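Asker: Have a look; sequence and predicted model below, questions after that.
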Amino acid sequence: MSLFGAEEAEPKAVPAKDMAAVVPKVPKVLPEYDHTKLFERLDRSDFRRSFHLGVQDRAYIDKKGMDAIQLHAEDFVEKRLAPAFPHNDGSQTPMRGHPVFRAQHATGCCCRGCFEKWHHIPMGRPLTEKEQEYAVSVLMSWIRKELK
């Protein structure tokens, strides 16, 4: 009972599934990779070289910030690239609509076939956590390079 005669409500515990809404996600700290040789090879491809961030992509990055963009990249890689047999593999990544989508096509991280060709990581098995981190580092490196 409180001083006013009414029972005080017990504080309710936040269910674990709702904790994500309470605790903001932070992007992973990515290992340092030297992507120089990869970007040199990608620059020799007319198709890969044709992708660039547009005005809307840049505005989206400015609005959301690089941490949010990296979180999106982590999510896209985990859901669309990491499975051994991604749904609609070969056409699961749109050509536009998000800066990470453009980065995926520019860097050969758009589907497992391209990922195998450009990054020599075989199809038919799930990507390890380190391989996912590598893919995200490639995407974020390309985006940072485009923003310069």
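Answerer: Perfect, thanks for sending it.
Asker: Spatially central residue in this protein, please.
Answerer: Per CA atoms, centre = their mean, the C-alpha nearest to the average position across the chain is that of residue 73, at 0.7 Å.
Asker: Confirm for me that that one is in contact with residue 138.
Answerer: No: Residue 73 is beyond contact range of residue 138, at 9.3 Å (criterion: CB atoms under 8 Å). Where C-beta positions appear, they are placed from N, C-alpha and C, glycine not excepted.
Asker: neighbouring contacts of the host helix or strand of residue 37?
Answerer: In this assignment (DSSP states H and E), residue 37 forms part of helix 36-43. For helix 36-43, contacts defined as CB atoms under 8 Å, 6 or more residues apart in numbering pick out 48-49, 106-108, 118-119, 138, 141-142, 145.
Asker: List every C-alpha atom in it, with coordinates, as CSV.
Answerer: Provided in CSV are the C-alpha atoms of helix 36-43 (Å, rounded to 0.1, in the frame of the first residue of the first chain):
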residue,chain,number,x,y,z
THR,A,36,43.3,-3.3,-52.6
LYS,A,37,43.8,-6.3,-54.9
LEU,A,38,40.0,-7.1,-54.8
PHE,A,39,39.1,-3.6,-55.8
GLU,A,40,41.7,-3.6,-58.6
ARG,A,41,40.1,-6.8,-60.0
LEU,A,42,36.6,-5.3,-59.6
ASP,A,43,37.7,-2.1,-61.4
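Asker: So, low pLDDT: which residues of the chain?
Answerer: Scanning the chain for pLDDT under 70 picks out 1-23.
Asker: Would you mind pulling up the elements that the longest helix belonging to it packs against?
Answerer: Longest helix of the chain, by residue count under DSSP state H: helix 129-147. Applying 3 or more CB pairs under 8 Å, 6 or more residues apart in numbering; DSSP states H and E, one finds that helix 129-147 makes contact with helix 36-43, helix 55-64, helix 66-76, helix 99-107, helix 112-119.
Asker: Highest mean neighbour count out of those?
Answerer: For the helices and strands packed on helix 129-147, the largest average neighbour count (mean count of other CB atoms under 10 Å) is found in helix 99-107, namely a mean of 25.
Asker: elements contacting it?
Answerer: Short answer (3+ CB pairs under 8 Å, 6+ apart): helix 99-107 packs on helix 36-43, helix 46-49, helix 55-64, helix 66-76, helix 129-147.
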